[in-house]
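[1] sequence unknown, structure follows:
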C-alpha cells in the first residue's frame, strides 16, 4: 500500500502562509478600526483576537524559517546545521500555533457572549466552552514546550534525554481541537435560529455566525496530513502540508471571528452595498437588512435600515412617525437602560426607590402597496406593545 504524501513545494507553503496571514492581519486591523473608531464599543474579544493575530504571525515566521532551513526538501540533502535549526524553529512553531488557534476560538466565544450573553442557558454553555478551550490551550502549550527533558533534546536528539511519544499526543490534540472547533461553530446557531426573523435573514445570520465551520473542515484535512507524517521516513519532505494546513486553520479562524464585526465599517464607508443587498433580493422584496448587536448595560437591538416608525400616544407623551419603503412585517424590539435620557431629578428619585429603568418597545410594520410613503398614523399604525417602568 502506497504511503500518503505530505509534501508541498516550499514556494507553495510560503505563498499560502504569507497570503492568509496578511488577510487575517488586515481583518483584525479593520475590526479594531470599526470597534474603536466607528462604533466605539471595543471589548475583550477584540483584545483576545489581537493576541491571536500576534501568535499566529510568530507561527507564520517560524514556518518561513523552517522553509529556509530545509522544510520541503529531503532529509538526506540537509546539513547537520540545517537539521538543527529546522527542529528549533519547528519546536517554537508548535506552541505558538496552539496559542494562536486557541485565542482565535476564545475570541469567537467572547464575541457571542457580547451579543447573546443575556440568555442564561447560552451564557452557561458559552462559559463552559470558553473554559474548556482556555484550559486545553494551556495544556497543549505546556506539553509542547516541555515535550522533551531536557527541552533541548527536541532539537538535539543525539544528546542524553527523553521525549514523550510525539505522534499519539499530536493526534489527540488534533482530535480535541476538531471537537472544540465544531462546538464553537454551532454554539450561537440555536439562538440565532430562534430569533423572530424572516427565514432568509435568519439563515443569513446563521451563516455569518457559522463561519467557524470552515475551520472544522481545515482541521479534519490537517488531521489527515498528520497521518502522512506518522508513516513518513522523510519528515522534512512530508511535513510541509501539515504546516500549511495549520497556518490556514489559525488564520481562517481569525478571519471568521472578524468578518461579523465589520458591518459598521461597511455601513459607514460603503452604504450602497447595504442598500444594494437589501434591494436586490428576489421578487422585488425590499426586506430591510437586519443588524444584530448588543451594546451598553442592557440592550438588545434588532434594527431595520430603510424604515422608521413614530406614533403619538398622549398617555405616554410619546410621538411616533413612520416612513420608508414597502416591506413585509418587521419587528423592532429594544430593551435598554434609559437613565441617561431622563433628568437628574428623576434619576435620583428612581435610585432612591431602588427601581430599575427599563423600556421595551415592539413596533410592527405592515406591508405596503405603495413604494414610497410618508405618513403619521395614516393607516392607524400604532405600537403593538409598549411597557415602561420608572
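    Great, that's in hand. All of these numbers come straight from a predicted model, not from anything done at the bench. Residues are numbered from 1 along each chain as shown.
[2] What ranges does the stretch 1-150 of the chain have for its strands?
    148-149 (DSSP state E, counting those that start in this stretch).
[3] for it, which spans come out with low pLDDT?
    1-3 (pLDDT under 70).
[4] Show the residue spans covered by the helices in it.
    For the stretch 1-150 of the chain, the helices defined by DSSP state H, counting those that start in this stretch occupy 10-32, 44-68, 80-116, 120-145.
[5] Could I get the buried residue list for the shortest one?
    Think helix 10-32. 10, 13-14, 16-17, 20-21, 24-25, 27-28, 30-32 (16 or more other C-beta atoms under 10 Å). Every residue, glycine included, has its C-beta placed from N, CA and C.
[6] What is the nearest of those residues to residue 123?
    Residue 123 lies nearest to residue 31 out of the buried residues of helix 10-32, by C-beta to C-beta, at 23.2 Å.
[7] Might one say that the closest one is in contact with residue 264?
    No: using C-beta atoms under 8 Å as the test, residue 31 is too far from residue 264 to be in contact (9.9 Å).
[8] In JSON lines, list the helices of the stretch 1-150 of the chain along with distance to residue 154.
    Shown next, in JSON lines, are those (distance: least, C-beta to C-beta, whole Å):
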{"stretch": "helix 10-32", "distance to residue 154": "21"}
{"stretch": "helix 44-68", "distance to residue 154": "14"}
{"stretch": "helix 80-116", "distance to residue 154": "5"}
{"stretch": "helix 120-145", "distance to residue 154": "9"}
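[9] so how far does stretch 224-235 reach from one end to the other?
    15 Å (C-alpha to C-alpha, to the nearest Å).
[10] about what we covered before: now, of the helices of the stretch 1-150 of the chain, which is deepest in the fold?
    helix 80-116 (a mean of 22; mean count of other C-beta atoms under 10 Å).
[11] helices or strands up against that helix?
    helix 44-68, helix 120-145, helix 166-186, helix 240-258, strand 290-294 (3 or more C-beta pairs under 8 Å, 6 or more residues apart in numbering; DSSP states H and E).
[12] Test my guess that residue 182 contacts residue 214.
    No: under the criterion of C-beta under 8 Å, residue 182 is not in contact with residue 214, lying 11.8 Å apart.
[13] Quickly list what's touching both of the two.
    With contacts defined as C-beta atoms under 8 Å, 6 or more residues apart in numbering, no residue is shared by residue 182 and residue 214.
[14] so where is the stretch 201-350 of the chain shaky, pLDDT-wise?
    210, 273-350.
[15] before we move on, back to that, TSV please, covering the buried residues of helix 10-32 and showing distance to residue 271.
    Compiled in TSV, the buried residues of helix 10-32 are given as follows (distance: C-beta to C-beta, whole Å):
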residue	distance to residue 271
10	44
13	40
14	39
16	34
17	35
20	29
21	31
24	26
25	26
27	21
28	24
30	17
31	19
32	21
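[16] Out of the residues you listed, the closest to residue 121 would be?
    residue 31 (27.9 Å).
[17] Relative to residue 268, how far out is that closest one?
    14 Å (C-beta to C-beta, to the nearest Å).
[18] What does the closest residue in space to residue 125 that isn't next to it in sequence show for phi and psi?
    Counting by C-beta to C-beta, 6 or more residues apart in numbering, residue 125 lies nearest to residue 187, which is 6.6 Å off, once chain neighbours are set aside. Note on residue 187: its backbone torsions stand at phi -50, psi -50 [degrees, to the nearest 10].
[19] Residue 162 now?
    Torsion angles, degrees, to the nearest 10, at residue 162: phi -150, psi 160.
[20] Tell me how far it lies from residue 155.
    Residue 162 is 14 Å from residue 155, by C-beta to C-beta.
[21] repeat for residue 66
    12 Å.
[22] so what sits against both of those two?
    With C-beta under 8 Å, 6+ apart, residue 66 and residue 155 have common neighbours residue 90.
[23] returning to what we had before: select, out of the helices of the stretch 1-150 of the chain, the one closest to residue 201.
    Using C-beta to C-beta, the helices of the stretch 1-150 of the chain put helix 80-116 closest to residue 201, at 15.4 Å.
[24] Helix 10-32 and the closest one, what's the angle between them?
    30 degrees (axes from the mean of the first three to the mean of the last three C-alpha atoms, to 10 degrees).
[25] care to break this protein down by domain?
    10-262, 288-389 (automatic domain parsing).
[26] Go ahead and confirm residue 193 touches residue 206.
    Yes: counting by C-beta under 8 Å, residue 206 is a contact partner of residue 193 at 6.4 Å.
[27] re earlier: for the helices of the stretch 1-150 of the chain, which one sits closest to residue 226?
    helix 80-116 (12.2 Å).
[28] and residue 233, which of the three is it?
    coil (DSSP: H, G, I helix; E, B strand; the rest coil).
[29] Just give the number of residues close to it.
    Number of residues near residue 233 (other C-beta atoms under 10 Å) recorded here: 8.
[30] Quick check: the gap between it and residue 49.
    Taking C-beta to C-beta, one finds residue 233 at 40 Å from residue 49.
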